[in-house]
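**Q** need coordinates for the below:
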Amino acid sequence: MAEPILELCGISSHYGPIRALHDVSLTIRHGEIVALIGANGAGKSTLLMTLFGNPRASEGQVWFAGEAITHLPTHHIAPLGMALVPEGRRIFPGMTVLENMDLGRISAGPRVGRDPLEGLYELFPILKERSHQKAGTLSGGEQQMLAIARALMSQPRLLLLDEPSLGLAPLMIRKIFSLIQTIVQSGTTVFLVEQNASQALQIANRGYVLVNGRIRLEGSGQALLHDPEVRQAYLGRQV
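**A** Residues are numbered from 1 along each chain as shown. Here you go, the predicted model:
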């Protein structure tokens with residue numbers, strides 16, 4: 001079994017007096033796709049932000065690649081090898097595709113590696129074709145590809161994806177999830193946070209279900225896909 005790249009042990013976090021996460025523990029191992037599913041407001045995005053120390057975990061420990069990062073400043077965490085693709089993409093519409101991608105290099109810190117640009121153009125050929133086009137003129141799906149490519153420019157060991165299917169047409173959703181599988185095959189571990197439980201669990205090695213800031217269920221992607229509680233709450237009658 002592969003070594004863990006990320007471990008959360010009894011994590012709780014607050015927004016002021018409001019407790020958003022309650023004693024959350026989960027593990028992500030090298031080479032996995034791990035999905036975190038849950039309804040809107042369950043605390044999924046809060047969990048991702050807690051990994052980066054904003055909000056700071058009020059209880060528990062976060063370990064990344066064997067290093068305790070719970071109390072590290074936010075700007076020290078990303079250079080360790082984590083990259084986040086935020087909900088809503090948050091690209092810079094007035095900048096070109098290439099300029100947006102170049103911003104992804106900033107969080108790489110002192111880590112040295114081969115320039116990933118040409119490899120990412122192979123993975124996302126539409127971005128090469130439109131490299132000098134303003135990012136705001138891209139379609140929603142193309143903007144999501146750009147957000148993922150920008151994160152991959154830092155050559156992360158762990159890629160965090162927050163609702164990558166949000167607002168996309170079904171055909172583009174399938175394309176994005178296929179690209180996620182390709183990214184993992186190239187050596188990057190993925191933590192996938194999604195409301196689209198069916199698509200997420202179909203590609204996930206393992207998954208967790210977050211309900212009101214607590215882990216309710218965990219198991220393999222296939223086991224959760226066919227779990228009666230998950231099917232009723234997130235999948236309806238059909239997967």
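**Q** can you confirm Leu146 is in a strand?
**A** No - counting by DSSP: H, G, I helix; E, B strand; the rest coil, Leu146 is not found in a strand; it is helix.
**Q** does it touch Asp102 like I think?
**A** No - between Leu146 and Asp102 there is no contact under C-beta atoms under 8 Å: 11.7 Å. No exception for glycine: its C-beta is placed from N, CA and C like everyone else's.
**Q** which of these two has more neighbours?
**A** More crowded of Leu146 and Asp102, by other C-beta atoms under 10 Å: Leu146, with 25 against 14.
**Q** Leu103 versus the more buried one, what's the distance?
**A** Separation of Leu146 from Leu103 (C-beta to C-beta, to the nearest Å): 11 Å.
**Q** check Glu129 too.
**A** With distances taken as C-beta to C-beta, Glu129 is found 20 Å from Leu103.
**Q** over to Leu217?
**A** 37 Å.
**Q** can you check Lys128 too?
**A** Distance from Lys128 to Leu103, by C-beta to C-beta: 17 Å.
**Q** same thing with Glu122?
**A** 20 Å.
**Q** who has more neighbours, these two?
**A** With neighbours defined as other C-beta under 10 Å, Glu122 and Leu103 compare such that Leu103 has more, 14 against 9.
**Q** go ahead and confirm Ser58 touches His14.
**A** Yes - using C-beta under 8 Å, Ser58 is in contact with His14, at 5.3 Å.
**Q** those two: which is more packed in?
**A** Between Ser58 and His14, His14 has the larger neighbour count (other C-beta under 10 Å), namely 16 against 13.
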